[in-house]
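Student: Sharing a model prediction with you, sequence too.
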Amino acid sequence: MEINNVTFAYIKEKSQINNISAKVEKGKITTIIGPNGSGKSTFINIMSRNLNPLDGNILLDGKEIQTYSAREFARKLAVVHQQNEAPQDMTVEKLIAFGRVPHKRMFQSQRVEDEEAIDWAITCTNLQSKRKMTLNQLSGGERQRVWIAMSLAQKTPSLFLDEPTTYLDMYHQMEILELIKRLNKEHGMTIVMVLHDLNQAIRYSDHLIVLKDGQKMMEGEPAEIINSKSVRDIYGVKADVKNDEESGLYIVPIGI
Ligand code: ADP
Ligand code: MG
(Lines give C-alpha, C1' and ligand atoms only; values in the text may rest on other atoms or scores of the structure.)
(Ligands and ions follow the chains in the order given, each with its own letter.)
Protein backbone atom coordinates (compact mmCIF):
# COMPACT_ATOMS: atom_id res chain seq x y z
CA MET A 1 0.00 0.00 0.00
CA GLU A 2 1.24 3.42 -0.94
CA ILE A 3 0.05 6.51 0.89
CA ASN A 4 0.71 9.69 -1.05
CA ASN A 5 0.47 13.16 0.52
CA VAL A 6 -2.69 12.40 2.44
CA THR A 7 -4.43 15.19 4.29
CA PHE A 8 -7.61 14.94 6.29
CA ALA A 9 -9.71 17.27 8.46
CA TYR A 10 -12.85 16.52 10.48
CA ILE A 11 -13.71 20.22 10.36
CA LYS A 12 -12.32 22.88 8.04
CA GLU A 13 -10.18 24.93 10.42
CA LYS A 14 -7.64 22.33 11.46
CA SER A 15 -6.35 19.22 9.72
CA GLN A 16 -5.85 16.06 11.80
CA ILE A 17 -3.69 14.38 9.16
CA ASN A 18 -1.23 16.61 7.43
CA ASN A 19 0.39 15.67 4.13
CA ILE A 20 1.46 12.15 5.13
CA SER A 21 3.23 9.83 2.72
CA ALA A 22 4.24 6.32 3.75
CA LYS A 23 4.52 2.80 2.47
CA VAL A 24 3.09 -0.40 3.87
CA GLU A 25 5.01 -3.43 2.70
CA LYS A 26 3.23 -6.64 1.82
CA GLY A 27 3.82 -9.50 4.25
CA LYS A 28 5.21 -7.22 6.97
CA ILE A 29 3.93 -5.94 10.31
CA THR A 30 3.67 -2.15 10.27
CA THR A 31 2.73 -0.37 13.48
CA ILE A 32 1.56 3.19 13.89
CA ILE A 33 2.62 4.79 17.15
CA GLY A 34 2.42 8.26 18.66
CA PRO A 35 0.93 10.14 21.60
CA ASN A 36 -2.82 10.33 22.31
CA GLY A 37 -4.61 12.45 19.76
CA SER A 38 -1.75 12.35 17.25
CA GLY A 39 -4.05 11.00 14.53
CA LYS A 40 -3.35 7.25 14.65
CA SER A 41 -6.99 6.15 14.54
CA THR A 42 -7.81 8.77 11.93
CA PHE A 43 -4.91 7.56 9.80
CA ILE A 44 -5.83 3.87 10.02
CA ASN A 45 -9.44 4.82 9.21
CA ILE A 46 -8.29 6.64 6.10
CA MET A 47 -6.15 3.69 5.01
CA SER A 48 -9.05 1.31 5.51
CA ARG A 49 -11.42 3.64 3.65
CA ASN A 50 -13.66 4.48 6.57
CA LEU A 51 -12.72 8.14 6.05
CA ASN A 52 -11.95 9.81 2.74
CA PRO A 53 -8.83 11.94 2.45
CA LEU A 54 -9.31 15.61 1.68
CA ASP A 55 -6.22 15.54 -0.46
CA GLY A 56 -3.70 12.97 -1.67
CA ASN A 57 -4.38 9.34 -2.48
CA ILE A 58 -3.78 5.77 -1.34
CA LEU A 59 -2.94 2.94 -3.69
CA LEU A 60 -3.56 -0.70 -2.88
CA ASP A 61 -2.08 -3.14 -5.38
CA GLY A 62 -1.48 -0.16 -7.65
CA LYS A 63 -5.10 0.98 -7.65
CA GLU A 64 -6.56 3.93 -5.77
CA ILE A 65 -8.59 2.55 -2.84
CA GLN A 66 -11.60 4.78 -3.55
CA THR A 67 -11.99 3.15 -6.97
CA TYR A 68 -12.61 -0.36 -5.58
CA SER A 69 -16.20 -1.43 -5.08
CA ALA A 70 -17.09 -1.95 -1.41
CA ARG A 71 -17.20 -5.69 -2.01
CA GLU A 72 -13.84 -5.86 -3.79
CA PHE A 73 -12.22 -3.76 -1.10
CA ALA A 74 -13.65 -5.93 1.69
CA ARG A 75 -12.03 -8.95 0.09
CA LYS A 76 -8.64 -7.27 0.25
CA LEU A 77 -8.62 -5.67 3.65
CA ALA A 78 -10.30 -6.35 7.00
CA VAL A 79 -10.35 -3.99 9.97
CA VAL A 80 -10.68 -4.53 13.70
CA HIS A 81 -11.72 -1.19 15.18
CA GLN A 82 -10.88 0.06 18.64
CA GLN A 83 -14.50 -0.01 19.74
CA ASN A 84 -16.79 -2.67 18.40
CA GLU A 85 -20.44 -3.11 19.10
CA ALA A 86 -22.80 -5.99 18.50
CA PRO A 87 -25.97 -7.25 20.17
CA GLN A 88 -24.80 -8.93 23.37
CA ASP A 89 -27.12 -11.90 22.86
CA MET A 90 -25.54 -12.80 19.52
CA THR A 91 -23.55 -16.01 19.40
CA VAL A 92 -19.86 -16.13 18.63
CA GLU A 93 -20.27 -18.12 15.44
CA LYS A 94 -23.10 -15.94 14.18
CA LEU A 95 -21.01 -12.80 14.59
CA ILE A 96 -17.96 -14.38 12.97
CA ALA A 97 -20.16 -15.44 10.02
CA PHE A 98 -20.67 -11.74 9.21
CA GLY A 99 -17.09 -11.79 7.98
CA ARG A 100 -18.37 -13.80 5.00
CA VAL A 101 -20.72 -11.08 3.76
CA PRO A 102 -18.30 -9.70 1.11
CA HIS A 103 -17.97 -13.18 -0.36
CA LYS A 104 -21.68 -13.94 -0.70
CA ARG A 105 -24.45 -12.79 -2.93
CA MET A 106 -27.57 -11.40 -1.36
CA PHE A 107 -29.74 -14.07 0.32
CA GLN A 108 -27.22 -16.75 -0.58
CA SER A 109 -27.08 -19.39 2.12
CA GLN A 110 -23.91 -20.64 3.74
CA ARG A 111 -21.67 -22.64 1.41
CA VAL A 112 -18.86 -25.07 2.18
CA GLU A 113 -16.21 -22.40 1.62
CA ASP A 114 -17.99 -20.07 4.05
CA GLU A 115 -18.08 -22.79 6.68
CA GLU A 116 -14.42 -23.57 6.09
CA ALA A 117 -13.45 -19.91 6.47
CA ILE A 118 -15.48 -19.62 9.69
CA ASP A 119 -13.95 -22.81 11.12
CA TRP A 120 -10.47 -21.61 10.20
CA ALA A 121 -11.09 -18.24 11.90
CA ILE A 122 -12.41 -19.99 15.01
CA THR A 123 -9.42 -22.35 15.17
CA CYS A 124 -6.87 -19.55 14.66
CA THR A 125 -8.36 -17.58 17.53
CA ASN A 126 -8.84 -20.65 19.71
CA LEU A 127 -12.56 -20.10 20.18
CA GLN A 128 -13.74 -23.66 19.51
CA SER A 129 -15.25 -24.10 22.96
CA LYS A 130 -17.00 -20.70 22.80
CA ARG A 131 -18.68 -20.83 19.43
CA LYS A 132 -22.21 -21.38 20.73
CA MET A 133 -21.85 -18.87 23.53
CA THR A 134 -23.18 -15.32 23.38
CA LEU A 135 -20.98 -12.22 23.52
CA ASN A 136 -22.10 -11.26 27.02
CA GLN A 137 -20.78 -14.59 28.32
CA LEU A 138 -17.23 -13.82 27.23
CA SER A 139 -14.27 -12.10 28.88
CA GLY A 140 -12.64 -9.04 27.33
CA GLY A 141 -9.85 -11.08 25.79
CA GLU A 142 -12.26 -13.59 24.29
CA ARG A 143 -14.44 -10.83 22.89
CA GLN A 144 -11.42 -9.24 21.23
CA ARG A 145 -10.58 -12.61 19.68
CA VAL A 146 -14.12 -12.84 18.30
CA TRP A 147 -13.69 -9.50 16.49
CA ILE A 148 -10.40 -10.67 15.08
CA ALA A 149 -12.03 -13.96 14.04
CA MET A 150 -14.76 -12.07 12.20
CA SER A 151 -12.06 -10.24 10.24
CA LEU A 152 -10.21 -13.50 9.58
CA ALA A 153 -13.37 -15.12 8.20
CA GLN A 154 -13.25 -12.34 5.62
CA LYS A 155 -10.14 -14.13 4.26
CA THR A 156 -8.27 -10.99 3.24
CA PRO A 157 -4.54 -10.69 2.60
CA SER A 158 -4.39 -7.62 4.87
CA LEU A 159 -5.54 -7.11 8.43
CA PHE A 160 -5.74 -3.68 10.08
CA LEU A 161 -6.20 -3.35 13.85
CA ASP A 162 -6.63 -0.24 16.00
CA GLU A 163 -5.19 -0.79 19.49
CA PRO A 164 -6.09 -4.48 19.68
CA THR A 165 -4.61 -4.90 23.16
CA THR A 166 -6.04 -1.91 24.99
CA TYR A 167 -7.99 -2.82 28.17
CA LEU A 168 -6.54 -6.33 28.27
CA ASP A 169 -4.24 -7.66 30.99
CA MET A 170 -0.66 -8.63 30.23
CA TYR A 171 -1.39 -12.27 29.42
CA HIS A 172 -4.27 -11.46 27.10
CA GLN A 173 -2.29 -8.68 25.44
CA MET A 174 0.45 -11.16 24.58
CA GLU A 175 -2.10 -13.70 23.44
CA ILE A 176 -3.43 -11.21 20.85
CA LEU A 177 0.04 -10.08 19.75
CA GLU A 178 1.26 -13.67 19.37
CA LEU A 179 -1.85 -14.44 17.30
CA ILE A 180 -1.15 -11.44 15.07
CA LYS A 181 2.47 -12.55 14.69
CA ARG A 182 1.36 -16.06 13.73
CA LEU A 183 -1.08 -14.74 11.14
CA ASN A 184 1.79 -12.77 9.67
CA LYS A 185 4.46 -15.47 9.79
CA GLU A 186 2.37 -18.54 8.95
CA HIS A 187 -0.27 -17.07 6.67
CA GLY A 188 1.72 -14.18 5.20
CA MET A 189 -0.89 -11.62 6.19
CA THR A 190 0.08 -7.99 5.88
CA ILE A 191 -0.58 -6.38 9.24
CA VAL A 192 -1.11 -2.71 10.00
CA MET A 193 -1.89 -1.88 13.60
CA VAL A 194 -1.98 0.93 16.08
CA LEU A 195 -0.31 0.19 19.40
CA HIS A 196 -0.24 2.23 22.55
CA ASP A 197 2.65 0.41 24.15
CA LEU A 198 6.01 1.31 22.67
CA ASN A 199 7.75 -1.86 23.89
CA GLN A 200 5.11 -4.04 22.26
CA ALA A 201 5.45 -2.03 19.07
CA ILE A 202 9.23 -2.49 19.08
CA ARG A 203 8.94 -6.17 19.74
CA TYR A 204 6.24 -7.14 17.26
CA SER A 205 6.83 -4.82 14.31
CA ASP A 206 9.00 -4.88 11.22
CA HIS A 207 8.28 -1.24 10.57
CA LEU A 208 7.10 1.73 12.64
CA ILE A 209 5.32 4.86 11.49
CA VAL A 210 5.48 7.58 14.13
CA LEU A 211 2.79 10.25 14.16
CA LYS A 212 2.72 13.45 16.13
CA ASP A 213 0.16 16.25 15.77
CA GLY A 214 -1.11 14.74 12.55
CA GLN A 215 2.32 14.68 10.92
CA LYS A 216 4.59 11.78 10.19
CA MET A 217 7.50 12.35 12.50
CA MET A 218 9.63 9.38 11.49
CA GLU A 219 9.41 5.95 9.97
CA GLY A 220 11.67 2.89 9.90
CA GLU A 221 12.70 -0.32 11.58
CA PRO A 222 12.29 -0.16 15.37
CA ALA A 223 16.03 -0.58 16.03
CA GLU A 224 16.81 2.20 13.58
CA ILE A 225 14.55 4.86 14.97
CA ILE A 226 13.98 4.13 18.66
CA ASN A 227 16.50 5.69 21.03
CA SER A 228 16.44 7.97 24.08
CA LYS A 229 16.27 11.07 21.96
CA SER A 230 13.44 9.90 19.71
CA VAL A 231 11.38 8.67 22.69
CA ARG A 232 11.79 12.11 24.24
CA ASP A 233 10.79 13.77 20.96
CA ILE A 234 7.78 11.52 20.42
CA TYR A 235 6.33 11.21 23.93
CA GLY A 236 8.14 13.91 25.91
CA VAL A 237 9.42 11.25 28.29
CA LYS A 238 12.93 10.62 29.57
CA ALA A 239 13.77 6.99 28.93
CA ASP A 240 16.65 4.56 28.98
CA VAL A 241 17.01 2.30 26.00
CA LYS A 242 18.15 -1.22 26.89
CA ASN A 243 19.03 -4.16 24.80
CA ASP A 244 19.51 -7.71 25.95
CA GLU A 245 19.61 -11.01 24.20
CA GLU A 246 16.32 -12.40 25.38
CA SER A 247 14.04 -9.39 25.20
CA GLY A 248 15.82 -7.45 22.45
CA LEU A 249 15.50 -3.69 22.40
CA TYR A 250 13.23 -2.14 25.03
CA ILE A 251 12.74 1.17 26.72
CA VAL A 252 12.40 2.01 30.39
CA PRO A 253 10.69 5.33 31.11
CA ILE A 254 12.51 7.14 33.91
CA GLY A 255 10.87 10.52 34.13
CA ILE A 256 9.20 13.46 32.44
P1 ADP B 1 -5.22 8.90 18.24
O2 ADP B 1 -5.86 7.69 17.70
O3 ADP B 1 -3.78 9.06 17.87
O4 ADP B 1 -5.42 9.06 19.72
P5 ADP B 1 -7.29 10.30 16.74
O6 ADP B 1 -7.05 9.97 15.32
O7 ADP B 1 -8.39 9.61 17.44
O8 ADP B 1 -5.93 10.17 17.56
O9 ADP B 1 -7.56 11.85 16.86
C10 ADP B 1 -6.74 12.83 16.22
C11 ADP B 1 -7.38 14.20 16.43
O12 ADP B 1 -8.62 14.26 15.74
C13 ADP B 1 -7.67 14.54 17.88
O14 ADP B 1 -7.35 15.89 18.07
C15 ADP B 1 -9.15 14.30 18.01
O16 ADP B 1 -9.71 15.15 18.97
C17 ADP B 1 -9.66 14.63 16.63
N18 ADP B 1 -10.85 13.83 16.29
C19 ADP B 1 -10.94 12.47 16.31
N20 ADP B 1 -12.15 12.05 15.91
C21 ADP B 1 -12.85 13.17 15.63
C22 ADP B 1 -14.19 13.43 15.17
N23 ADP B 1 -15.02 12.42 14.88
N24 ADP B 1 -14.56 14.72 14.98
C25 ADP B 1 -13.72 15.75 15.24
N26 ADP B 1 -12.45 15.58 15.67
C27 ADP B 1 -12.02 14.32 15.87
MG1 MG C 1 -6.88 6.06 18.61
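Tutor: Perfect, thanks for sending it. The structure presented is a predicted model; accordingly, all values stated were derived computationally and were not measured. Numbering: from 1, shown residues only. Ligands and ions are numbered 1, 2, ... in the order given.

Student: Show me the helices in the chain, by range?
Tutor: Assigned by DSSP state H, the chain shows helices spanning 40-47, 70-76, 92-97, 112-124, 140-153, 170-187, 198-204, 222-225, 228-235.

Student: now for those, which one comes closest to Thr31?
Tutor: helix 198-204 (4.6 Å; C-beta to C-beta). Any C-beta I mention is one placed from the backbone N, CA and C, and that applies to glycine too.

Student: If we ignore the residues flanking it in sequence, what's nearest Ala86?
Tutor: Once flanking residues are discounted, Ala86 sits nearest to Leu95: 5.6 Å by C-beta to C-beta, 6 or more residues apart in numbering.

Student: With distance to ligand 1 and mean neighbour count as extra columns, can I get the helices of the chain in a markdown table?
Tutor: Putting the helices of the chain into a markdown table (distance: least, C-beta to the nearest ligand atom, whole Å; neighbours: other C-beta atoms under 10 Å) gives the following:
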| stretch | distance to ligand 1 | mean neighbour count |
| --- | --- | --- |
| helix 40-47 | 3 | 23 |
| helix 70-76 | 21 | 15 |
| helix 92-97 | 25 | 21 |
| helix 112-124 | 26 | 16 |
| helix 140-153 | 17 | 23 |
| helix 170-187 | 18 | 16 |
| helix 198-204 | 13 | 20 |
| helix 222-225 | 18 | 16 |
| helix 228-235 | 12 | 16 |
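
Student: I'd like these written out as CSV, with mean pLDDT and distance to Leu211 added.
Tutor: Formatted as CSV, those follow (pLDDT from 0 to 100; distance: least, C-beta to C-beta, whole Å):
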stretch, mean pLDDT, distance to Leu211
helix 40-47, 98, 6
helix 70-76, 96, 24
helix 92-97, 96, 31
helix 112-124, 96, 30
helix 140-153, 95, 23
helix 170-187, 96, 20
helix 198-204, 96, 12
helix 222-225, 96, 13
helix 228-235, 97, 9
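
Student: among those helices, which is nearest Ile29?
Tutor: helix 170-187 (5.3 Å).

Student: gap between that closest one and the chain center?
Tutor: 12 Å (C-alpha atoms, centre = their mean, to the nearest Å).

Student: same deal with stretch 113-120?
Tutor: Distance of stretch 113-120 from the chain centroid (C-alpha atoms, centre = their mean) equals 22 Å.
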